[in-house]
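Engineer: Fold the following, please.
(4 chains)
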Number of protein chains: 2
Amino acid sequence: MTMSDHVHEPVSLTRNQSLVMTALEAATQPLSAYSLLDLLRGNGFRAPLQVYRALDKLVDFGLVHRLESLNAFVACSHPGCETHATTAFMICNTCGHVGELTDADLAGRLAAMASASGFALEKSTVELRGLCGDCVSSSTA
Amino acid sequence: MTMSDHVHEPVSLTRNQSLVMTALEAATQPLSAYSLLDLLRGNGFRAPLQVYRALDKLVDFGLVHRLESLNAFVACSHPGCETHATTAFMICNTCGHVGELTDADLAGRLAAMASASGFALEKSTVELRGLCGDCVSSSTA
DNA sequence: GAATGTGATGTAATGTTATTACATGACATT
DNA sequence: AATGTCATGTAATAACATTACATCACATTC
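Structural biologist: Numbers count the residues shown, from 1 in each chain, chains lettered A, B, ... in the order given. I've put the predicted structure just below:
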């Protein structure tokens, strides 16, 4: 299983990577690259590429996830997560909160589906959209 | 198009929708909105919005899927598919071919994960990236 | 210690994807 | 004729992402 042995490494981040990481950790929602750029202008960021380069590395390191359905990025909230290739996200359409979870059954099911089709799976994108528990509660309250 | 075929197109398409649909059906790969625009310039298309409006409707009708990880669109290849909300895609990184499949176990697993978190699931995005069977074969040949 | 390699950074320009705003046209209902 | 609704046309702009090129910091090695 070469697709799931990504562990969070004790990486030393560069200044730009560190600034982006800190901004993402402070956020309560996913941030777009351009939101990050605006947040970091005070720290000397001037161009999109500065953000994108930092994000690329952080994603490589397994510290950040890209959410394809939002074109946005979140800090990985799963401290021990080894299965970066098979993380699922639950994204609230109302408040924007993102829950991250890994599930062995899900990973197994996806692997089984792929192998049944002769498909060599490299990475899975699983993004669930709906209402988070809090927003369900407040909408029925 | 029988009456019992209630998910897929008892719908009559407008001219623009029909042109976009035909282009997607003829394609062997997902097409971006702007690719579609270029393909359809000979048919009088001049602006992105003409494509996006047609795509929005076609997606509503369940005739077209949007692939979030590609920002592109494919014709639904699953004639009877009623479970548009839980379709999984296998996207070949080499040839671009897209396989579409529905899997009750997968749908059930996602529903279980959501409900265990109190998340009210509305739509699932599942996109698997890797190498399709053909490309695996030719890379090892 | 000069030459070289590598990785991070800065800057500008451009490319790609998607939406907003507003005007018009087709057609059915009243 | 007046109205409502849905599709369409056009222009402009917003939002997301990459390419190309120059420079800097620092380590290795000759």
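Engineer: dump the residue contacts of A:Ala54.
Structural biologist: Listed by CB atoms under 8 Å, 6 or more residues apart in numbering or on different chains, the contact set of A:Ala54 reads A:14, A:16-17, A:19-21. Backbone N, C-alpha and C define where each C-beta goes, glycine included.
Engineer: That one - that's part of a strand, no?
Structural biologist: No: counting by DSSP: H, G, I helix; E, B strand; the rest coil, A:Ala54 falls outside a strand, being helix.
Engineer: which non-adjacent residue is nearest it?
Structural biologist: A:Val20 (4.1 Å; CB to CB, 6 or more residues apart in numbering or on different chains).
Engineer: Any chance of the backbone angles for that neighbour?
Structural biologist: Recorded main-chain torsions at A:Val20 are phi -70, psi -40, according to degrees, to the nearest 10.
Engineer: Could you pull up the residues touching it?
Structural biologist: With CB under 8 Å, 6+ apart, A:Val20 has these contacts: A:36, A:40, A:51, A:54-55, A:58, A:64.
Engineer: Just the ones in strands from these, please.
Structural biologist: With DSSP state E as the criterion, strands contain A:Val64 from among those.
Engineer: possible to save the contacts of A:Ala54 as CSV with pLDDT, secondary structure and distance to A:Gly99?
Structural biologist: Rendered in CSV, the data for those read as follows (pLDDT from 0 to 100; DSSP: H, G, I helix; E, B strand; the rest coil; distance: CB to CB, whole Å):
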residue, pLDDT, secondary structure, distance to A:Gly99
A:Thr14, 96, coil, 30
A:Asn16, 98, helix, 28
A:Gln17, 98, helix, 25
A:Leu19, 98, helix, 26
A:Val20, 98, helix, 22
A:Met21, 98, helix, 20
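Engineer: Okay, strands next: where are they in chain A?
Structural biologist: When secondary structure is read from DSSP E, chain A shows strands at A:64-67, A:72-75, A:87-92, A:98-102, A:120-131.
Engineer: Please name whichever of those strands is nearest to B:Val98.
Structural biologist: Closest approach to B:Val98 among these is made by strand A:120-131 (13.2 Å; CB to CB).
Engineer: Count the neighbours of A:Ala116 for me.
Structural biologist: 10 (other CB atoms under 10 Å in any protein chain shown).
Engineer: Identify the farthest-apart pair in the contacts of A:Val20.
Structural biologist: Farthest-apart pair in the contacts of A:Val20 is A:Leu40 and A:Val64; separation 14.6 Å (CB to CB).
Engineer: out of the contacts of A:Ala54, who's nearest B:Phe45?
Structural biologist: Among the contacts of A:Ala54, and counting by CB to CB, the member closest to B:Phe45 is A:Val20, at 39.2 Å.
Engineer: how far away is that closest one from A:Leu58?
Structural biologist: 6 Å (CB to CB, to the nearest Å).
Engineer: anything in contact with each of those two?
Structural biologist: With CB under 8 Å, 6+ apart as the test, A:Val20 and A:Leu58 both reach A:Val64.
Engineer: Need the nearest residue in space to A:Ser115, chain neighbours excluded.
Structural biologist: Nearest one to A:Ser115, counting by CB to CB, 6+ apart, is A:Leu121 at 7.8 Å.
Engineer: Now do the closest residue to A:Cys95 other than its chain neighbours against DNA strand C, distance only.
Structural biologist: Counting by CB to CB, 6+ apart, A:Cys95 lies nearest to A:Cys135, which is 5.4 Å off, once chain neighbours are set aside. Using CB to the nearest atom of the strand, to the nearest Å, we find A:Cys135 at a distance of 21 Å from DNA strand C.
Engineer: same deal with A:Arg109?
Structural biologist: Distance from A:Arg109 to DNA strand C, by CB to the nearest atom of the strand: 28 Å.
Engineer: how about that residue, what does it touch?
Structural biologist: B:103, B:105-106, B:109.
Engineer: got it, and A:Arg53?
Structural biologist: Taking CB under 8 Å, 6+ apart, we find A:Arg53 in contact with A:Asn16.
Engineer: re earlier: among the contacts of A:Ala54, which one has the most neighbours?
Structural biologist: Ranked by neighbour count under the definition other CB under 10 Å, the contacts of A:Ala54 are headed by A:Val20 with 32 neighbours.
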